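J.: Give the three-dimensional model of this entry:
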Amino acid sequence: MGMVGLAAALSEAQASESYLVGRPKAKRVIFLFMNGAPSHVDTFDPKPALKKYEGKNPGKAKNKTTGFMPSPFKFAAHGSNGVVMSELFPHLSKLADDLCVLRSMHTDTPNHEPGLLLMHSGNQQPVRPSLGSWVSYGLGTENKNLPSYVAISPGRPVVGPQLWSCGFLPGEHQGLSVDTNQLDVDKLVPHLKHPSIPRGAEDAQLDLLTKLDRIHQKKHAHERSLEAQIRALEVASAMQLEASEAFDLSLESEEVRNDYGRSPFGQSCLLARRLVERGVRFVTAYYVTKSGKQPWDTHNNNDNGHRKLCKDSDQATAALLQDLKQRGLLEDTLVVWGGEFGRTPYSQSNKNKKKMGRDHHNTGFSMFLAGGGTRGGYMHGATDEVGMHAVENRMHVHDLHATILHLLGIDHEKLTYRYSGRDFRLTDIHGRVEPEIIA
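T.: Coordinates of the predicted model:
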């Protein structure tokens, strides 16, 4: 039995190196997630033909529509390579040479719950590990005193904890959920400090617990959940020393906090920067309301909704990119911006014709990447004349995941975990690394 256990340990050690490929271009990831899905034809994918076909029925509308609806926003080329974006992004337009805009994204479903799960875990059902957990499993943490994966949100998003779940991976790769409804550091991370036991006595208590756990572990060496619990306790203990400082936004200057914007999303982006510079491997900052609603789900009043949402996201995202650049972190920090899918190029009917919305749309939408070895000042792929379907250099969510892992120095086909009798991976049997978007 001892030899069998040794063989298993050695095989795991060998497997842990087999998926690493070359020199990684990125060391960490910040995923800025626009819950509800931004409209590509109002942000990064101009479609002047929509004016030509205005009012004409697209033929396959799921809900009532008045036909194709042109964007009211002006588009212009920015930067040395002419990256095109709408007037809704005055701050990001100044950083156009850092952006790699993906204009040919597509996914499998136009519904929020399965779309969110697919974008986060590569599967529409809620039992698979999230992208952040796979990255944590593959690369570990750069700081043992902080978790490797943190999910920041001012409210609980649709599908909630399943979006940052570690699934069947070891428990230490679960994302730590941080509620930015409360910016007080003691409330951001629950139970960071013991309410009554002083630090010295708590250390002694934790040492005793660890010794008891180790004794139990010798008797039950096959129980991986126990090892995960031990590691979780060790991280929790270490966090008491370092997390108080890492999560404390009051340590930032008023000027910096104002640069990001005082909105929940702006402060989430600032917190994301503080975490990655301290060694957190993967951070997702969710753009949701305090009640957990998806603000980018603009079934009604799409135009005014995007004016408000883009103003906030543009300021915060641009401040994050600029801040990372100034600190020398953007070069090896991959920033991802986007939602679970896009929105229709045609309208969704509203009794008030001045407040028309756009429905869910999965066959063509836009996202962008920045830093982390991506090709800046570049627009990848294209949708058709009216933005209905991705037609040129089509890029599926699985391809995005494969490329993100590649930028981190991981072969997505070899990063696997054996569970329930077979090897699982983030991209399942799919996924293709897109070389055109890599610098």
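
J.: And Val397, how far from Phe341?
T.: Distance, Val397 to Phe341, by C-beta to C-beta, to the nearest Å: 9 Å. In this view, the C-beta of every residue, glycine as well, is placed from N, C-alpha and C.

J.: and the longest helix seen in the chain, what other elements does it pack with?
T.: The longest helix of the chain (DSSP state H) is helix 302-326. Here helix 302-326 touches strand 28-34, helix 254-260, helix 264-276, strand 333-338, going by 3 or more C-beta pairs under 8 Å, 6 or more residues apart in numbering; DSSP states H and E.

J.: what's the overlap in contacts for Val397 and Phe341?
T.: Common contact partners of Val397 and Phe341 (C-beta atoms under 8 Å, 6 or more residues apart in numbering): Thr107.

J.: Helix or strand: which one has Gln294?
T.: Here Gln294 sits in a region with no helix or strand, counting by DSSP states H and E.

J.: and the gap between it and Leu163?
T.: For Gln294 relative to Leu163 (C-beta to C-beta), the value is 12 Å.

J.: out of the two, which sits in the busier spot?
T.: More crowded of Gln294 and Leu163, by other C-beta atoms under 10 Å: Leu163, with 26 against 21.

J.: Please name the residues that touch Asp332.
T.: So, once contact is read as C-beta under 8 Å, 6+ apart, Asp332 ends up touching Pro24, Lys25, Ala26, Lys27, Arg28, Gly371, Gly372, Gly373.

J.: about what we covered before: among the helices and strands packed on helix 302-326, which comes closest to Val150?
T.: Across the helices and strands packed on helix 302-326, Val150 has its closest neighbour in helix 264-276 (5.7 Å, C-beta to C-beta).

J.: ok now that closest one, how far from the chain's centre?
T.: In terms of C-alpha atoms, centre = their mean, to the nearest Å, the centre of helix 264-276 is found 13 Å from the chain centre.

J.: swap in stretch 305-316?
T.: 18 Å.

J.: in it, what counts as buried?
T.: Under the neighbour-count criterion of 16 or more other C-beta atoms under 10 Å, stretch 305-316 has Gly305, His306, Leu309, Cys310, Lys311, Asp312, Ser313, Asp314, Gln315, Ala316 buried.

J.: pLDDT for the residues you listed - can I get that in CSV?
T.: Shown next, in CSV, are the buried residues of stretch 305-316 (pLDDT from 0 to 100):
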residue, pLDDT
Gly305, 97
His306, 98
Leu309, 98
Cys310, 98
Lys311, 98
Asp312, 97
Ser313, 98
Asp314, 98
Gln315, 98
Ala316, 98
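
J.: How many residues are close by Asp42?
T.: 30.

J.: Give me the local confidence score for it.
T.: We note a pLDDT of 98 for Asp42 in this prediction.

J.: so who does it touch?
T.: Ser71, Phe73, Ser86, Leu88, Asn302, Asp303, His306, Arg343.

J.: Can you tell me which of those residues lies closest to Leu99?
T.: Closest to Leu99, out of all of the contacts of Asp42 and judged by C-beta to C-beta, is Ser86, at 13.2 Å.

J.: So for the closest one, what's the nearest residue that isn't a sequence neighbour?
T.: Distances taken as C-beta to C-beta, 6 or more residues apart in numbering put Phe73 closest to Ser86, at 4.2 Å, once the chain neighbours are dropped.

J.: ok, the one you found touching Phe89?
T.: No - counting by C-beta atoms under 8 Å, Phe73 stays clear of Phe89, with 9.8 Å between them.

J.: and these two? which has more neighbours close in?
T.: Phe89 (23 against 19).

J.: Check for me that the more buried one belongs to a helix.
T.: No - checked against DSSP: H, G, I helix; E, B strand; the rest coil, Phe89 lies outside a helix; its state is coil.

J.: got the phi/psi numbers for it?
T.: phi -120, psi 60 (degrees, to the nearest 10).

J.: neighbours around the residue nearest to Leu415 when sequence neighbours are not counted, how many?
T.: Nearest non-adjacent residue to Leu415, counting by C-beta to C-beta, 6+ apart: Tyr19, 4.2 Å away. Using other C-beta under 10 Å, Tyr19 is surrounded by 17 other residues.

J.: try Gly79
T.: Neighbour tally, Gly79, other C-beta under 10 Å: 18.

J.: ok, now Arg422?
T.: Using other C-beta under 10 Å as the criterion, the residues surrounding Arg422 number 8.

J.: separation between it and Phe168?
T.: According to C-beta to C-beta, Arg422 and Phe168 sit 11 Å apart.

J.: go on, Ser86?
T.: Taken as C-beta to C-beta, the span from Ser86 to Phe168 is 42 Å.

J.: what is in contact with Gln294 and Leu163 at once?
T.: With contacts defined as C-beta under 8 Å, 6+ apart, the residues adjacent to both Gln294 and Leu163 are Pro157.
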